[in-house]
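**Q** Sequence below, structure please.
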Amino acid sequence: MMTNTATDWPDDDVILYDGVCVFCSRWVRFVIARDTAKRFRFTPIQSPYGVRLAQAFGIDPEEPDTNAVVHGGRAHLKSDAALTVLSNLEGWGWTRALFTVPKPLRDALYGVVARNRYHIFGKYDSCFVPDAELRRRVLEQ
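**A** I've put the predicted structure just below:
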């Protein structure tokens with residue numbers, strides 16, 4: 001699996017998420033509400049673009065175990081992805097300090113939530129449909 005390695009992916013600041021996961025969709029809405037610069041774009045892993053991105057980063061599109069973000073020309077997975085996004089939101093820069101927590105510990109906690117996300121938070125029958133404002137920031141093809 002690829003983490004924090006240089007990529008040739010043509011798009012930057014793209015968040016890959018599980019579009020049928022209630023928790024993941026809420027994460028996207030959380031980011032949108034706080035991304036005043038509108039820097040981040042989004043793609044559900046169930047879209048053609050999302051599948052290509054997932055496969056490029058070694059994520060199984062049928063059984064995703066992580067979200068991902070392409071930022072600064074690098075792919076970030078698991079807790080690195082979440083912290084990279086959070087630390088780039090206005091007012092959330094303090095989360096950079098969480099990078100000092102050992103990655104194995106951060107990723108273990110991330111993994112517990114990721115493995116149980118459908119059980120704890122639920123699952124949509126299909127990808128959540130964004131409103132018109134968000135639609136402009138979603139990459140699907």
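
**Q** those strands in the chain, which residues are they?
**A** 14-17, 41-44, 68-71, 74-77 (DSSP state E).

**Q** Figure out which of these is closest to residue 90.
**A** strand 68-71 (15.5 Å; C-beta to C-beta). Bear in mind the C-beta positions are built from the backbone N, C-alpha and C, glycine included.

**Q** What strands line up against the closest one, and which way round?
**A** According to DSSP bridges, strand 68-71 has the following sheet partners: strand 14-17 (antiparallel), strand 74-77 (antiparallel).

**Q** mean confidence score for that strand?
**A** Mean per-residue pLDDT for strand 68-71: 93.

**Q** any residues touching the lengthiest helix in the chain, and which ones?
**A** With residue count as the measure and DSSP state H as the assignment, the chain has helix 103-121 as its longest helix. Contact with helix 103-121 is made by 18, 21-24, 26, 65-66, 78-80, 82-83, 98, as judged by C-beta atoms under 8 Å, 6 or more residues apart in numbering.

**Q** Give the buried residues for it.
**A** Neighbour-count burial for helix 103-121 flags 106, 107, 110, 114, 117, 118 (criterion: 16 or more other C-beta atoms under 10 Å).

**Q** Specify the beta-bridge partners of residue 14.
**A** Bridge pairing for residue 14 - DSSP bridges - gives residue 41, residue 70.

**Q** show me what contacts it?
**A** Counted by C-beta under 8 Å, 6+ apart, residue 14 has contacts 40, 41, 42, 43, 53, 69, 70, 139.

**Q** What pLDDT does the model give it?
**A** So residue 14 comes in at 94 (pLDDT).

**Q** Residue 65 now?
**A** At residue 65, pLDDT is 86.

**Q** again, but for residue 127
**A** pLDDT at residue 127 comes out at 63.

**Q** same deal with residue 115?
**A** 91.

**Q** for residue 134, same thing?
**A** At residue 134, the pLDDT recorded in the model is 68.

**Q** and if you look at residue 20?
**A** Note for residue 20: predicted pLDDT of 87.
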